[in-house]
Each structure stands twice: as structure tokens, then as C-alpha cells.
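Participant: The following comprises the amino acid sequence and a computationally predicted model.
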Amino acid sequence: MTGMPNKRLPGLLAAGALGCAVAVAGCNSGGSPDPAAPASSPVTSTAAAPAQAGTLNWHPCRIQGAKIRCATLQVPLNYRDPAGRKITLALSEVPASAPAAQQQGDLLVNPGGPGASGLPWSVIAAEGLDHRVSSEYNIIGFDPRGVGASVPALHCDPSFFAGVRPDYIPASQRAEQALIGRARHYAAGCERRYGWLLPYMTTADSARDMDAIRAALGQRQISYLGYSWGTYLGQVYATLFPHRLRKMALDSVVDPRGVWYADNIAQDYAFEARMRAFFAWAAGHDSVYHLGSTEARVERAWYQARAMLKAHPIFGASGPVVGPDEFDDTFQQGGYLNAYWPDLALALSFYLHGHATDPMISVYKAIGTQPENLIAVYNAVQCSDVNWPRNWAKWDADTRRVYRTAPFMAWDNAWFNAACAFWPVRGPAQPLQIRGAGLPGILMIQGTLDPATPYAGALVARRALPTARMVVVAGGGNHGQSLAQPPNTCVQGYLNRYLATGALPQRPGLVNAVCPALPPPSPLR
């Protein structure tokens, strides 16, 4: 899976709080599915005409406790038929507060996914950047098509994550066939509910939506800050609309050549290394957590807990809550963000040594739950961007090969993507070729140990965009190195200077500057 971590405040268990750092005030809006609506083939050409200007009616709203502005924008469902059926995007804005002569226009922000809500990120970016920099931009977050408050919000099977799910790791051929059936059923549910929308859910469609936002803002050019899948969205936008970009910063960069089957396999190996880093960290704090004094012993403790949860899931007031899949999903978040490690180790320790289940339920509900809308959009975009293998025998063989050396994510990742083997939309045979001609200077930021967008793939993107300059966080394993809490002042310095003046690091080569990683978290005592 790509995406940004499910950001919550650290110290969940110690503080007794489960506060969400990116919660949006208000509810998601959905639309009525229309299976009878005609659908034509998705846009795949790299030649993109400028968008026609729509209308934005801004109104006061509150997000993240901040009083800002919100709006909606109608855009074409199918950009080959701009006068045809429309869908609606939801936008948020923190307006520039600097004197007019110092303002630098509009900065769009996307946190990734695909499927993550971008509405809170106008506030997150405004608060995370140096105020002197953020005050010069109208900072705009948006829910991409199908996401959150945009209309329609895509849902394929709202009950898909209800209760405890079948173990990701199939114990038999029969168990694997049952999981294949779940994936096939999910794809069929998407087609049944939103078949008219699915052909128009590609990253290129979202890039065209970004240009529609630019046109509605009345801007000749926009600036852009993207994370995770948002970096691929930025690469696609730059390819389709190279002269519409003023500045672009990409943090935790997707390999455009591996979209998406190969990229997900690369993630499996990177997440395995990240999980072992967590085991080693917990072993270093054995006096606190008592999970083992070596990486291998902590690993055994973790797999012991997983086996216990498979045999006897944790029950809540309304039934089973945490089984092996939910356990995996929760600890996967520790791969994205090591600030979760103390809470995860504490919950594991309570479960194994005191048979206490409340901490495990709490940390699962705080960071491990999966919004079905996010997963629906994730599949709709990735399954349609490029055609996936349709022969399950290949998936099975590849997953078993990966599992031999990288078991933590191998089957989990396979099942998160398995609907693509049965998806009703067939994408092109190859990913869109990213082109770097005619682009301004671009800032890339990348951790060397990032599991969701591995470092080697980020270098592929760097080569595809010759005007880019890359800041590497040596030993950085978090997914998303900028706007972090606590902040990495070295990374923040490069991002703030770039957005303020366009300044880029000048060291020659693919890596143009190096920042140290933040130290690992302290244990909860």
C-alpha cells in the first residue's frame, strides 16, 4: 500500500487519549450510484488541453479547529466529454496573509493514498511551514475524485472491514480460495455500485482535476506539495501540464516505472526491514517492555501474539475486534511512523504478559482501522492506472517467493491489491511515461529507509525529472519527512527555502543534499 501514516498523536496509551491529528470537522458526502450512466474509455493521452474555468464559491468553515474557507468545484467526469456529466470536488483553503506584493499564489497539497482526504492538509501545511513562508501562499487542500467529502464518495462494500477478517496468510488452498472470493466480490461490488465512475478514477484524471482547480482559481500556474501517491500525482501533472507548474515539492517519492504491481512487491521487502527495526528498538528497551533482549526474541514474541490472536481474537462489547489481520494492520502503521513504536510495544507487552486486551483494542482503533472509502479509491485508482496481472497463479507464485524472506507484508499487501486481478476496468499495458521537459526546479525529499516508497524507486523518479534536486534523509525510515512532529529542522529548512525563493541544493549528482534522521522515539515508562 502507498499512502501517508494514519497520523495520530504519540503516547496514545500512556496519555489515555486517542486524538486524531488530521480529523476533519464534518461528515463525508456520498452520491447516488448510477449504474445505467454511459461510460467511455478513460483518457490515456499525454497531450492535455488546459482546463476550462469552473466556479468556486468560498464559504467559512472549520477544519482542525481552524477557521478557514471551503468550496466545491464541479469537474467533468470524462475530460473527453467536458460538457457531459459532472462530479464534485471538495476544497479547503488557508488564505495568504502576507501583503499582496509578497504573495506567491496558490499552493495545492495532497497527502497521498490514493484515497486519503486532503481537506485537513491546508491547515497542516499552513501550521507546519514557517509562518513567513505559509503566509505568502493560498494553501489549498482537496479531496480528490471519489474521496471523502467529494461527490460521489466511492464505497464498494461498506461492510468489508466489519468484524475480524480471515487471516491474510492462507493456511490451505481452500483458505486462499476464500480470500480470492473476497477480492472478486469486492471488485464486483465496485462495478455494481459505481461502474459508471470507475473508468475515470485514474491518477491522470485527478491530475486533470488539479488543472481544473487551477483554472477555477484564475491562476496561470500553481505550486504543489505532494506526499506518497501525491508525488506520483505530481509527476503525472508535470507530464501533462508542464507549463502550469510554478514550484513542486515531492516528499516520499513513488517509483513511476513500477506502477503499481512491482512497486507493491518492493514495499514488501522494505516493510520487512522496517519491522525488524522496530523489533531491534523494542529489544533495546527490554527493561521496559520485556519482549526480549534481541531482535530475534522480540520477533518471536510478536509472531506468538499473532498466533494467539488467530486462535482467539480479542472481543469487544459488540463482538470480535482484533484478529491477526487487524494486528498486522496496526503494526504496519509503525512502519510508516516510528512515533507509534512506544504505543505498539506497550500494547504487545500488556497482551503477552498480562493478558490485557484493552490496550491492543485502543491502539488498533486509534491507528489500525481502515476507512472503506480510502480502500475503495485506492483500488479504483491503482487498478485502473495500469493493467495488473489477471492470472492468479502469478500473484500466488510471486507472493510465496516474497514471503520466504519478507513475511510481514507479503500476503497482507497481496490481498489489499487482489481486487485488481478482477477489476472491471483494464488499464494500459504500461504506466504513463513521466517526462521532465519544460519543468521548473523541483524539490524531492526522501528517507533512505522509507518502506512505502523505497529509496531505490525515488532515485528512478529523480532521473525522470532532471530539473529536480533531492534531499535525502540518511537513515530516515518514516514515510513523510517534512511537516513532521517533532520537526526535522534540516528538512524543514530546505522545504521552506524552496517555497520562499525557489532555492534548491546544488551538490552535483542524484543526491544533492543529506539531512540526518531524527533519533528514534523514547520508550513509554
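Facilitator: Thanks, I have the structure now.

Participant: drop to CA atoms for contacts and neighbour counts, all remaining ones
Facilitator: Fine.

Participant: need the strands for the stretch 401-525 of the chain, in chain order.
Facilitator: Along the stretch 401-525 of the chain, the segments classed as strands by DSSP state E, counting those that start in this stretch run 442-447, 468-474, 513-516.

Participant: repeat for the stretch 51-200 of the chain
Facilitator: 59-63, 66-76, 86-94, 106-110, 138-143.

Participant: Can you tell me which of the strands of the stretch 401-525 of the chain is most buried?
Facilitator: strand 442-447 (a mean of 27; mean count of other C-alpha atoms under 10 Å).

Participant: Could you spell out the sheet neighbours of that one, each with its direction?
Facilitator: Strand 442-447 pairs in its sheet with strand 245-253 (parallel), strand 468-474 (parallel), by DSSP bridges.

Participant: Just the C-alphas of the last one, formatted as CSV.
Facilitator: What that stands for is strand 468-474. The C-alpha trace of strand 468-474 is given here as CSV (Å, rounded to 0.1, in the frame of the first residue of the first chain):
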residue,chain,number,x,y,z
ALA,A,468,14.7,18.0,-9.6
ARG,A,469,17.1,18.2,-6.8
MET,A,470,16.9,15.6,-4.0
VAL,A,471,17.4,16.0,-0.2
VAL,A,472,18.0,12.6,1.3
VAL,A,473,17.4,11.8,5.0
ALA,A,474,20.1,9.3,5.8
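
Participant: Just put the strands of the stretch 51-200 of the chain in TSV and tack on distance to Phe160 and mean pLDDT.
Facilitator: Below are the strands of the stretch 51-200 of the chain laid out as TSV (distance: least, C-alpha to C-alpha, whole Å; pLDDT from 0 to 100):
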stretch	distance to Phe160	mean pLDDT
strand 59-63	28	96
strand 66-76	29	97
strand 86-94	25	98
strand 106-110	26	98
strand 138-143	22	98
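
Participant: Mean neighbour count and distance to Val473 added to those, as TSV?
Facilitator: Listed next are the strands of the stretch 51-200 of the chain as TSV, based on neighbours: other C-alpha atoms under 10 Å; distance: least, C-alpha to C-alpha, whole Å:
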stretch	mean neighbour count	distance to Val473
strand 59-63	15	31
strand 66-76	19	31
strand 86-94	23	29
strand 106-110	26	21
strand 138-143	26	25
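
Participant: JSON lines please, covering these and showing distance to Gly457.
Facilitator: Below are the strands of the stretch 51-200 of the chain laid out as JSON lines (distance: least, C-alpha to C-alpha, whole Å):
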{"stretch": "strand 59-63", "distance to Gly457": "34"}
{"stretch": "strand 66-76", "distance to Gly457": "32"}
{"stretch": "strand 86-94", "distance to Gly457": "30"}
{"stretch": "strand 106-110", "distance to Gly457": "20"}
{"stretch": "strand 138-143", "distance to Gly457": "26"}
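
Participant: of the ones you listed, which approaches Gln481 most closely?
Facilitator: Nearest to Gln481, of all the strands of the stretch 51-200 of the chain, is strand 106-110, at 14.5 Å by C-alpha to C-alpha.

Participant: Need the contact partners of the closest one.
Facilitator: 118, 121-122, 125, 137-142, 219, 222-227, 230 (C-alpha atoms under 8 Å, 6 or more residues apart in numbering).

Participant: Please state the offset of stretch 380-396 from the chain centre?
Facilitator: Its chain's C-alpha centre and that of stretch 380-396 lie 19 Å apart, by C-alpha atoms, centre = their mean, to the nearest Å.

Participant: Contacts only, for the residue nearest to His312 when sequence neighbours are not counted.
Facilitator: Nearest residue to His312, sequence neighbours excluded (C-alpha to C-alpha, 6 or more residues apart in numbering): Gly323, at 7.5 Å. Counting by C-alpha under 8 Å, 6+ apart, Gly323 touches Val164, Arg165, Asp167, Arg306, Leu309, Lys310, His312, Pro313, Ile314.

Participant: So which of the contacts of strand 106-110 belong to helices?
Facilitator: Trp121, Ser122, Ala125, Gly230 (DSSP state H).

Participant: Can you turn the buried part of these into a PyMOL selection?
Facilitator: To isolate the buried members of those in PyMOL, using 16 or more other C-alpha atoms under 10 Å:
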select buried, resi 121+122+125+230
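
Participant: Phi and psi next, for the residue nearest to His312.
Facilitator: phi -110, psi -160 (degrees, to the nearest 10).

Participant: give me every residue that touches the closest residue to Met248 other than its chain neighbours.
Facilitator: Excluding its sequence neighbours, the residue lying closest to Met248 (C-alpha to C-alpha, 6+ apart) is Tyr224, at 4.7 Å. Shown in contact with Tyr224 (C-alpha under 8 Å, 6+ apart): Leu107, Leu108, Val109, Gly234, Leu245, Lys247, Met248, Ala249.

Participant: Relative to Trp411, which of these is nearest.
Facilitator: Closest to Trp411, out of all of the contacts of Tyr224 and judged by C-alpha to C-alpha, is Gly234, at 29.4 Å.

Participant: What is the neighbour count of that closest one?
Facilitator: 28 (other C-alpha atoms under 10 Å).

Participant: Ignoring the adjacent residues along the chain, who's closest to it?
Facilitator: Nearest non-adjacent residue to Gly234 (C-alpha to C-alpha, 6+ apart): Gly226, at 6.6 Å.

Participant: if we can go back for a sec, now the contacts of Gly323 in CSV, please, with extra columns for pLDDT and neighbour count.
Facilitator: As requested, those are exported to CSV (pLDDT from 0 to 100; neighbours: other C-alpha atoms under 10 Å):
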residue, pLDDT, neighbour count
Val164, 93, 18
Arg165, 95, 16
Asp167, 98, 18
Arg306, 98, 20
Leu309, 98, 17
Lys310, 98, 18
His312, 97, 13
Pro313, 97, 20
Ile314, 97, 20
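
Participant: Contacts only, for the nearest residue in space to Asp255 that is not next to it in sequence.
Facilitator: Distances taken as C-alpha to C-alpha, 6+ apart put Gly457 closest to Asp255, at 4.2 Å, once the chain neighbours are dropped. By C-alpha under 8 Å, 6+ apart, Gly457 lies in contact with Val253, Val254, Asp255, Pro256, Gly258.
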